[in-house]
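Q: I would like the atomic coordinates for the input below:
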Amino acid sequence: MEPVIHEETDVNIELQARPFSLTPALTECVQHSLERLTHRHGRRISSISVHMDDVNGKRGGIDKRCRVVVRLAPRLTVVGEALAADLYQAISLAALRAESALIRRDKDSRFRRQPRTRWTETDQARSSQSATAA
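A: Just a heads-up that it's a prediction; the model follows:
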């Protein structure tokens with residue numbers, strides 16, 4: 001894997017291309033595709049891994065796959081994956097899917113942080129009454 005640091009947000013982006021070499025154009029495409037994701041959620045992202053491979057090899061067809069794995073600070077992982085005839089399209093689509101998954105995860109009420117409740121005087125009185133009764 002080749003590590004790349006996103007200049008503006010300091011997010012570590014790891015790139016891996018299997019049967020082909022990683023060109024500067026591919027690296028620039030990945031950085032450009034992940035730019036929106038890193039700007040909106042950069043503080044929460046610990047690292048991003050981008051895996052690119054050719055599924056069918058020499059047979060051709062819609063076989064370029066890109067998988068974007070976003071690791072968030074408290075041990076959460078979000079994945080976006082795409083399959084396309086062109087590797088650049090697969091990179092862009094996988095980045096969009098990773099961002100969509102992250103936004104869906106934020107909107108999901110199971111992961112939303114619950115506000116802290118404060119005890120009122122009546123709650124404290126009930127608590128002390130139940131403690132003395134027991």
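Q: where in the protein is pLDDT low?
A: For the chain, the stretches flagged by pLDDT under 70 are 1-9, 60, 109-134.
Q: helices of that one, residue ranges please.
A: With DSSP state H as the criterion, the chain has helices at 24-41, 87-107, 121-133.
Q: so can I have a markdown table of those showing distance to Asn12 and mean neighbour count?
A: Backbone N, C-alpha and C define where each C-beta goes, glycine included. A markdown table is the format used below for these (distance: least, Cβ to Cβ, whole Å; neighbours: other Cβ atoms under 10 Å):
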| stretch | distance to Asn12 | mean neighbour count |
| --- | --- | --- |
| helix 24-41 | 11 | 17 |
| helix 87-107 | 15 | 18 |
| helix 121-133 | 46 | 9 |
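Q: now those as CSV including distance to Glu81?
A: Converted to CSV, the helices of the chain look like this (distance: least, Cβ to Cβ, whole Å):
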stretch, distance to Glu81
helix 24-41, 14
helix 87-107, 6
helix 121-133, 48
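Q: looking at these, spot the one closest to Asp10.
A: Asp10 lies closest, by Cβ to Cβ, to one member of the helices of the chain: helix 24-41, at 9.2 Å.
Q: if you count contacts, what does that closest one end up packed against?
A: strand 2-5, strand 12-17, strand 45-54, strand 64-72, helix 87-107 (3 or more Cβ pairs under 8 Å, 6 or more residues apart in numbering; DSSP states H and E).
Q: so what's the gap between the third one and the chain middle?
A: It stands for strand 45-54. How far strand 45-54 lies from its chain's middle: 9 Å, per Cα atoms, centre = their mean, to the nearest Å.
Q: contacts for it, please.
A: 1, 9, 11-20, 26, 30, 34, 37-38, 63-73, 87, 90-91, 94 (Cβ atoms under 8 Å, 6 or more residues apart in numbering).
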